[in-house]
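Colleague: Attaching a predicted model along with its sequence, questions to come.
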Amino acid sequence: MLKVGRGAAVPPFMVMDVIAAANARQAQLGERGSVIRMEVGQPGTGAPAGAVAAAMAALRAGLPMGYTESLGRASLRARIARHYREWYQAGVDPARIAVTVGASGAFPLAFLAAFDAGDRVAMASPFYPPYVNILTSLGMQPVLIEAGPQTRFQPTVAALERLRPRPHGLIVASPCNPAGTMLHPEELAAIGAWCAAEGVRLISDEIYHGLHHESPIATAANIPGAVVINSFSKYFSMTGWRVGWMVLPEDLVRPVECLAQNHMISAPHIAQVAAEAAFDCGQELDANVARYRRSRDVLRAALPAAGIDLATPAEGAFYLWADVSRRSNDSREFCARLLAEADIAASPGVDFDRTRGARYVRFSYCGPEADMAEAARRIAAWTAG
């Protein structure tokens, strides 16, 4: 019998299976109806017009679309550094920036550069499933810190102090997926100081920056030793362009560059051109955020009225982490029924929380505003029936 590698045992990212089920349901419905997509964090707003125009102009001009440097086009890295000055008043050397194939391409590079097989990497639960699945596929050990509503499902220094032995790394996400909560600036600073003092490598997932509402954002870009991961997929609404970036500490720049040279060569050239132009589309992008916020508010009123409790205040990102235990104790079965009976696709919480996820569902509200309003109506009718 031929050997099958350890990576073959990695569990699926269940959201992608929900996408397939929703596609199948839509095919079944045909022109008789439509599935409302609340299962995936894919903005319904599309790439900003300036980014699309820049890509089209580059193609018309015959700009060669070959490989770029593995760390990305110099002009894009400089523009990202300027972004840190404009948004955070943080000085970041462009030499510390690596452009990646989305945030999804950044995580394996960061993990391989910072950790070895067998190393322990902590994170709060609920968590973004690929954190655990990528670490596991690389032979590393995820360490889950069960977090609850009293800490907005975020890790705390007190919880980190209880970890024995100390982990080699810590992943934080603010705003986070799936809970939509944030580490407030003083909390991130305290966690960064703890990591620096304890020799723990901090990985800060900041891909939902820009998608925040009442609470301010803070970056880990200048926390000693920290790795920041960001993307053009969420605030910039460019999921399919597959381009993201990292801000690296100096000791990881060359290791990440070498890994990138071998694992991906470079992010797509045309996507880098579009991404650079996207930074100048703030008015359009902020209008998108306003649409998401209106959808959030509609659903924050509709779900509790339908017997679905909200577990978090939804400070950022575009997710509602909902407690469905008044309706079901099996979030998979709940989501399957919601799709089959109300034509709404949502993600069961078991993918995000291995111990408590059966009572939770993640609803994404970044789809078209009219769809989100219709979802509120359908959920109310479905639960009433």
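Modeller: Perfect, I can see it now.
Colleague: what about R293, how many neighbours?
Modeller: A total of 17 residues lie near R293 under the criterion other C-beta atoms under 10 Å. Glycine gets a C-beta too; all of them are placed from N, C-alpha and C.
Colleague: do I223 as well
Modeller: Neighbours of I223 (other C-beta under 10 Å): 20.
Colleague: With V289 instead?
Modeller: 20.
Colleague: quick one, what contacts it?
Modeller: With contact set as C-beta atoms under 8 Å, 6 or more residues apart in numbering, V289 has these partners: G210, L211, Y235.
Colleague: so where do the helices sit in the stretch 201-350 of the chain?
Modeller: 250-263, 269-278, 282-305, 331-342 (DSSP state H, counting those that start in this stretch).
Colleague: deepest of those helices, which one?
Modeller: Of all the helices of the stretch 201-350 of the chain, helix 269-278 carries the top mean neighbour count, a mean of 23, counting by mean count of other C-beta atoms under 10 Å.
Colleague: tilt between it and helix 282-305?
Modeller: Counting by axes from the mean of the first three to the mean of the last three C-alpha atoms, to 10 degrees, helix 269-278 lies at 90 degrees to helix 282-305.
Colleague: quick one: the closest residue to A220 other than its chain neighbours from A106, how far?
Modeller: Distances taken as C-beta to C-beta, 6 or more residues apart in numbering put S204 closest to A220, at 3.7 Å, once the chain neighbours are dropped. Distance of S204 to A106, computed by C-beta to C-beta, to the nearest Å: 12 Å.
Colleague: Comparing the two, which residue is more hemmed in?
Modeller: Between S204 and A106, A106 has the larger neighbour count (other C-beta under 10 Å), namely 28 against 25.
Colleague: Next up, phi/psi of that one, please.
Modeller: Dihedral angles of A106 (phi, psi; degrees, to the nearest 10) stand at phi -80, psi -40.
Colleague: List the contacts of it.
Modeller: Neighbours of A106 in contact, by C-beta under 8 Å, 6+ apart: A98, T100, I229, S231, G244, W245, M246.
Colleague: Those in strands, which ones?
Modeller: Using DSSP state E, the members of the contacts of A106 that fall in strands are A98, T100, I229, S231, G244, W245, M246.
Colleague: Tell me the one among those residues nearest to M123.
Modeller: Closest to M123 out of these is I229 (13.1 Å), distances taken as C-beta to C-beta.
Colleague: Show me what that closest one bridges to in the sheet.
Modeller: Under the criterion DSSP bridges, I229 forms beta bridges with D205, M246.
Colleague: in terms of contact, does it touch L248 like I think?
Modeller: No: using C-beta atoms under 8 Å, I229 makes no contact with L248, being 9.9 Å away.
Colleague: ranges for the helices of the stretch 1-150 of the chain?
Modeller: Using DSSP H, counting those that start in this stretch, helices in the stretch 1-150 of the chain cover 14-29, 49-60, 74-88, 102-114, 129-137.
Colleague: nearest to A358, of those?
Modeller: Among these, helix 14-29 sits nearest to A358 (C-beta to C-beta), with 12.8 Å.
Colleague: mean confidence for that closest one?
Modeller: Averaging pLDDT along helix 14-29 gives 94.
Colleague: How about residues contacting it?
Modeller: Outside helix 14-29, the residues touching it (C-beta under 8 Å, 6+ apart) are 34-35, 37, 39-40, 129, 335-336, 339-340, 343, 345-348, 350-351.
Colleague: Could you rerun that using 10 Å?
Modeller: 13, 33-42, 128-130, 177-178, 332, 335-336, 339-340, 343-352, 357, 362, 364 (C-beta atoms under 10 Å, 6 or more residues apart in numbering).
Colleague: Weed out the non-buried ones from those residues.
Modeller: Buried members of the contacts of helix 14-29, counted by 16 or more other C-beta atoms under 10 Å: 13, 35-42, 128-130, 177-178, 332, 335, 339, 343-352, 357, 362, 364.
Colleague: In this structure the residue nearest to A220 contacts N222, no?
Modeller: No: checked against C-beta atoms under 10 Å, the pair S204 and N222 is beyond contact range at 11.0 Å.
Colleague: and for the two, which residues touch both?
Modeller: The contact sets of S204 and N222 overlap at G192, V228, V247 (C-beta under 10 Å, 6+ apart).
Colleague: Can you get me a residue count around the second one?
Modeller: To tie it back to what came earlier, the one meant is V228. V228, neighbours per other C-beta under 10 Å, totals 27.
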